[in-house]
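>>> Curious how this folds, go ahead:
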Amino acid sequence: MAEWVEIAVRTLVAVVALFLMTKILGKRQISQLSFFEYITGITIGNLAAFVSLDLESNWYLGLVSMLVWVSISLGIEFLQLKSKRARDFIDSKASVLIEDGKILEDNLKKERLTSDELLSKLRKRSVFRAADVEFAVMEANGEINVLVKKEHQPITPYHLGIKVGPEQVPQAVIMDGQMMEEPLAVIGLNPKWLRTQLEKLGVPIENVFLGQVDSYGQLYVDLYDDKIQVPAPQEKASLLALLKKCEADIEMFCLSTDTKPAKQMYAACSERMTQVIADVKPYLTQ
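Below is the predicted model of the structure:
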């Protein structure tokens, strides 16, 4: 067998073996690595190169070594799952770098982190003043997580005491000008409904790059032609307006009748409608 053919075959075997072993080790190996995972990744890569290019040695010995490394790495991962002491020893503990706006210099020295590096990492978290930080923690993988003080946190509906309806993942029903029937069926809609919505917008499906339907049945489209402005969906706003109109009509009926039982009935209906509007408003105004 020619050397170039043997190298090609060995490389193919190494790539397949490396892919399978990475799949076995799981997603942690391709995310933020711990110390041991970093060493494992480098070593297995070197062994894969050995299998590919070292023609003077038996190639299967490299695969055996790769299998041993993978087995050791799996064993350590299972040990970390079972024991917190093992996790703390192998990955080390998280370190608090800032507490109540005060930088802990001793912990910075322990992590070999300069003040410039700390400020740089804070800026990546959109924090430009260390005094605004309640806690800044360096995790075992080297990432720094930041909790700013309450007075510097953005206001949310929770802070204002407003109840907001839940939001589900939108379904992509149009991609590259093609209708996606399966996502439509998942949310209980059909192609006829989609064509009707596109007719309302005055947009042909061929001109739609991406179309998504949210959990409230509203269609949002992005067109190939960016110069065309598509109006935002108004279904939720229209429904809220219709409910308020019904409430106003009931109150009008209540005021216009002179019959006491009818007036009481309209008053009760108006109260129930007011409660219905209060209940559904968080879902229709987000």
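>>> Pull out the buried positions in the strand or helix carrying residue 118.
Per DSSP states H and E: residue 118 is located in helix 115-124. For helix 115-124, burial by neighbour count (16 or more other CB atoms under 10 Å) applies to 118, 121-122. Yep, even glycine has a C-beta here, placed from its N, CA and C like the rest.
>>> Can you redo the residues you listed as TSV, where the extra columns are distance to residue 281 and pLDDT?
Output for those, formatted as TSV (distance: CB to CB, whole Å; pLDDT from 0 to 100):
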residue	distance to residue 281	pLDDT
118	45	90
121	41	89
122	39	92
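>>> any idea which of those is the one closest to residue 68?
Nearest to residue 68 out of the buried residues of helix 115-124 is residue 121 (CB to CB; 36.8 Å).
>>> List the contacts of that closest one.
Applying CB atoms under 8 Å, 6 or more residues apart in numbering, we find residue 121 in contact with residue 144.
>>> how close does it sit to residue 137?
According to CB to CB, to the nearest Å, residue 121 stands 11 Å off from residue 137.
>>> what sits in contact with each of those two?
With CB under 8 Å, 6+ apart as the test, residue 121 and residue 137 both reach residue 144.
>>> Spit out the contact partners of the residue nearest in space to the middle of the chain.
Nearest to the centroid of the C-alpha atoms of the chain, with distances taken as CA atoms, centre = their mean, sits residue 169, at 10.4 Å. Residue 169 makes no contacts at all, as judged by CB under 8 Å, 6+ apart.
>>> Residue 66 - how many residues pack around it?
Applying other CB atoms under 10 Å, we find 23 residues neighbouring residue 66.
>>> pLDDT score for residue 97?
What the model reports for residue 97 is a pLDDT of 92.
>>> cool, residue 213 as well?
For residue 213, the pLDDT comes out at 89.
>>> And for it, the neighbour number?
Residue 213: 23 neighbours (other CB under 10 Å).
>>> try the one 3 residues further on
Here the number of neighbours of residue 216 (other CB under 10 Å) works out to 16.
>>> go on, residue 107?
17.
>>> Ignoring the adjacent residues along the chain, who's closest to residue 189?
residue 213 (6.9 Å; CB to CB, 6 or more residues apart in numbering).
>>> Wait, the one you found touches residue 219, no?
Yes. Assessed by CB atoms under 8 Å, residue 213 is found in contact with residue 219 at 5.4 Å.
>>> Residue 276: what's it in contact with?
residue 243.
>>> quick one: what helix or strand has the residue nearest to the centre of the chain in it?
Following DSSP H and E, there is no helix or strand that holds residue 169.
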